[in-house]
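Participant: turn this into a structure:
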Amino acid sequence: MQFTITREAILKPLQLAAGVVERRHTLPVLANVLLTLKSGVLEITGTDLEVELIGRVRVNDGSSDGEVTVPGRKLLDICKSLPDNSELGFSVDDNKFVVKAGRSRFTLATLPATDFPVTSDEPGTFELRLQGSELKSLIDSCAFAMAQQDVRYYLNGMLFEVGPSWFRVVATDGHRLAMHTSGVETGVEELQQIIVPRKGVLELSRLLSEPEEDQLVLMFGLSHVRVKLTDFTFTSKLVDGKFPDYQRVLPKGGDKVVLGDRSELRQAFNRASILSNEKYRGVHLQFNNDELKVVANNPEQEEAEDTVGIEYQGETLEIGFNVSYLLDVLNVLDSDKVKFTLADSNSSALVEAVSASDALYVVMPMRL
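Facilitator: Here you go, the predicted structure:
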């Protein structure tokens, strides 16, 4: 195996593939990336047995095919440390991987490519075509609501749901829920649901942050989800479990509607959060005619109070929330004005953009 390539060409796929590699691993080969060269195209594969990422890049002429695994993090650090626009030469010599650039030479240990675990193709139940930017927008608007290390393992990820004319993502940790729907003709007759694990969701979002003009293909399998882009293929295992019926969580019958400026509300909540209880992060909201009073205090007897102008007419309503949950929602909404729909002090709040939006957020109240 032998090839040359510019530093810039190999850096992006190597960074993404090495990012999947676990620092703490049980198998030595999982610290490595698999390099496969065939017909002038280099494939770089990283995996942690849950998520797999393959990056593809063309190499310069005069290469010879082959495959080998090398330490991913070390190879990435070497490539990063070399000067911009360097021409890098790679070769395998006596089971060692040699990197040459100018006067620099590095020799890395290798492990056999046959030891590297690769996700085999499985028949997909169906495929869905989306713009990369659209999928990223859906994921990023809901990812904050995923649970972390919850014993209800099916919450430690994101629901991908497909209906006949829409694709939806949903995330919840039991205290708040985020849901975003995109209208797309899918050709699916009956509802399809999969749960993508938390790490898979975050790695996919990282991959999609690269400018990608083409459509991507989203393939739903029985045990894996696969995303195919022009230069990358992303595969993640699925969470085996049933996602809760999120439709039952959506508040219905809220008769108190509050409109407010997203930026002003976010600033007021940020200020109040400074003196909220560090553990519970509770704030007390009092809705009066065209006015919202935000109060926070902590065990040290310190208190913050802020007043914001809102559009609201009706009886006074007092309710408590975890301020971090409110801020998470306001940080991802992309509208200048937001709408809160409330029923009473014991019911969840429905938060959405005032402008036509396909994203809904539910935040449970807390007793203060």
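
Participant: buried set for stretch 325-333?
Facilitator: 325, 326, 327, 328, 329, 330, 332, 333 (16 or more other CB atoms under 10 Å). Where C-beta positions appear, they are placed from N, C-alpha and C, glycine not excepted.

Participant: look up how far residue 146 lies from the spatially most central residue of the chain.
Facilitator: The geometric centre of the chain, computed from its C-alpha atoms, lies nearest to residue 202 (CA atoms, centre = their mean), at 3.1 Å. To residue 146, residue 202 is 9 Å away according to CB to CB, to the nearest Å.

Participant: can you check residue 88 too?
Facilitator: On the measure of CB to CB, residue 88 and residue 146 end up 38 Å apart.

Participant: and what of residue 182?
Facilitator: 19 Å.

Participant: then residue 73?
Facilitator: Taken as CB to CB, the span from residue 73 to residue 146 is 26 Å.

Participant: who's more crowded, those two?
Facilitator: residue 146 (22 against 14; other CB atoms under 10 Å).

Participant: that one contacts residue 153, doesn't it?
Facilitator: No. Using CB atoms under 8 Å, residue 146 is not in contact with residue 153; the gap is 11.8 Å.

Participant: now do the helices in the stretch 1-150 of the chain.
Facilitator: 7-20, 72-81, 132-142 (DSSP state H, counting those that start in this stretch).

Participant: what about dumping the CA coordinates of the first one to PDB?
Facilitator: Right, helix 7-20. Below are the C-alpha coordinates for helix 7-20, written out as PDB (Å, rounded to 0.1, in the frame of the first residue of the first chain):
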ATOM      1  CA  ARG A   7      -2.600  17.500   4.000                       C
ATOM      2  CA  GLU A   8      -5.800  19.400   3.500                       C
ATOM      3  CA  ALA A   9      -7.400  16.600   1.500                       C
ATOM      4  CA  ILE A  10      -6.900  13.900   4.100                       C
ATOM      5  CA  LEU A  11      -7.500  16.100   7.200                       C
ATOM      6  CA  LYS A  12     -11.300  16.500   7.100                       C
ATOM      7  CA  PRO A  13     -12.200  12.700   6.600                       C
ATOM      8  CA  LEU A  14      -9.500  11.700   9.100                       C
ATOM      9  CA  GLN A  15     -10.800  14.200  11.700                       C
ATOM     10  CA  LEU A  16     -14.400  12.900  11.400                       C
ATOM     11  CA  ALA A  17     -13.400   9.200  11.400                       C
ATOM     12  CA  ALA A  18     -11.000   9.600  14.300                       C
ATOM     13  CA  GLY A  19     -13.700  11.600  16.200                       C
ATOM     14  CA  VAL A  20     -15.800   8.400  16.400                       C
END
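
Participant: tilt between that helix and helix 72-81?
Facilitator: 150 degrees (axes from the mean of the first three to the mean of the last three CA atoms, to 10 degrees).

Participant: other SSEs contacting helix 7-20?
Facilitator: strand 32-38, strand 41-47, strand 51-58, helix 72-81, strand 87-93, helix 198-208 (3 or more CB pairs under 8 Å, 6 or more residues apart in numbering; DSSP states H and E).

Participant: dump these to TSV, plus mean pLDDT and distance to residue 353.
Facilitator: Listed next are the helices and strands packed on helix 7-20 as TSV, based on pLDDT from 0 to 100; distance: least, CB to CB, whole Å:
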stretch	mean pLDDT	distance to residue 353
strand 32-38	97	41
strand 41-47	97	37
strand 51-58	96	32
helix 72-81	97	39
strand 87-93	95	47
helix 198-208	95	21
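
Participant: of all the ones you listed, which one is nearest residue 119?
Facilitator: Minimum separation from residue 119 across the helices and strands packed on helix 7-20 (CB to CB) falls at strand 51-58, 5.0 Å.

Participant: quick one: buried residues of the closest one?
Facilitator: 51, 52, 53, 54, 55, 56, 57.

Participant: and the residues you listed, which is closest to residue 304?
Facilitator: Closest to residue 304, out of all of the buried residues of strand 51-58 and judged by CB to CB, is residue 51, at 41.5 Å.

Participant: that closest one and residue 19: what is the separation?
Facilitator: On the measure of CB to CB, residue 51 and residue 19 end up 10 Å apart.
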